[in-house]
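Novice: the amino acid sequence is not available; the structure is as follows:
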């Protein structure tokens, strides 16, 4: 695991690092709590924070609280606080500030590593629960809720630096595939499309045979090129049905960010364009370029 340790004493940091590094952990040590918080913000892979309560400029309790807020929605972080003064008040304050555990300073090797093993078990369970809550069970793609959460974060980061675009796609004549070849073959088709779009951007299954892709830092022209590449890729998929090979195609709607936009509005415009692609003959890419809900075919 990647572990951040914070203490005002370099000697204490060296002692703790020497206790846990032989177990294969990657240790990042800081005497400055603000620098440690910046490192946590820039390094999502960190899974454990061990901090003394007596640190500066943020005290240990402030660091616990700030770290807990920082990692919301990013992944589990196990926080262990340390203090040479073990008392009920310190323990209660630490737990109320977001700590998961409390240990005396300096800790013994046996106790510290036992607590880290417990932390690793909890983190593994938390990661699995997050995975189950965020992924579509058939395809492994983000489900609708997780997709929109990540799309909002991507939009917040990217709309200031080149914009963000959305692609909506829908498998053409999917009901016919299910009716003629069975739902198991339909599932194969859905998984094949999900695999194809998984590397295109932030991809999710919105429901049924409909998918969405968010492209951070991507304008409309590049998004259209990406969508066209996906359209060609779908046509090249080899799906074997009960009566022979299936010709699989998808229709695509594309929209790009505008001032004052929201992810919901961005997706809605792509949906309008997707409807135009379906009603206009399917197996095509249509950008949203119109006004009053009008999509213009490319």
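Specialist: Good, I have the coordinates. Given the structure is predicted, the values throughout are model-derived calculations rather than measurements.
Novice: okay, CA-based contacts and neighbour counts for the rest of this
Specialist: Will do.
Novice: give me the number of residues near residue 74?
Specialist: Each residue near residue 74 was counted by other Cα atoms under 10 Å, and the total is 11.
Novice: how about the secondary structure of it?
Specialist: Using DSSP: H, G, I helix; E, B strand; the rest coil, the structure places residue 74 in coil.
Novice: distance-wise, check it relative to residue 205.
Specialist: Using Cα to Cα, to the nearest Å, residue 74 is found at 20 Å from residue 205.
Novice: cool, and residue 267?
Specialist: 13 Å.
Novice: can you count the residues close to residue 55?
Specialist: Neighbours around residue 55, by other Cα under 10 Å: 21.
Novice: just the pLDDT for it.
Specialist: Listed pLDDT for residue 55 reads 94.
Novice: isn't it up against residue 30?
Specialist: No. Using Cα atoms under 8 Å, residue 55 makes no contact with residue 30, being 9.9 Å away.
Novice: now list whatever residues contact both of these two.
Specialist: Residues within reach of residue 55 and of residue 30 at once, by Cα atoms under 8 Å, 6 or more residues apart in numbering, are 6, 7, 8.
Novice: helices or strands up against the helix or strand of the chain with the lowest mean pLDDT?
Specialist: Within the chain, no helix or strand scores below helix 88-96, which has a mean of 82 by mean pLDDT, DSSP states H and E. Counting contacts by 3 or more Cα pairs under 8 Å, 6 or more residues apart in numbering; DSSP states H and E, helix 88-96 packs against helix 60-70, strand 101-104.
Novice: among these, which is nearest residue 158?
Specialist: helix 60-70 (19.1 Å; Cα to Cα).
Novice: host element of residue 194?
Specialist: helix 183-197 (DSSP states H and E).
Novice: what do you get for residue 169?
Specialist: Residue 169 belongs to strand 164-171, assigned by DSSP H and E.
Novice: before we move on, what about residue 19?
Specialist: Short version, using DSSP H and E: residue 19 is in helix 10-20.
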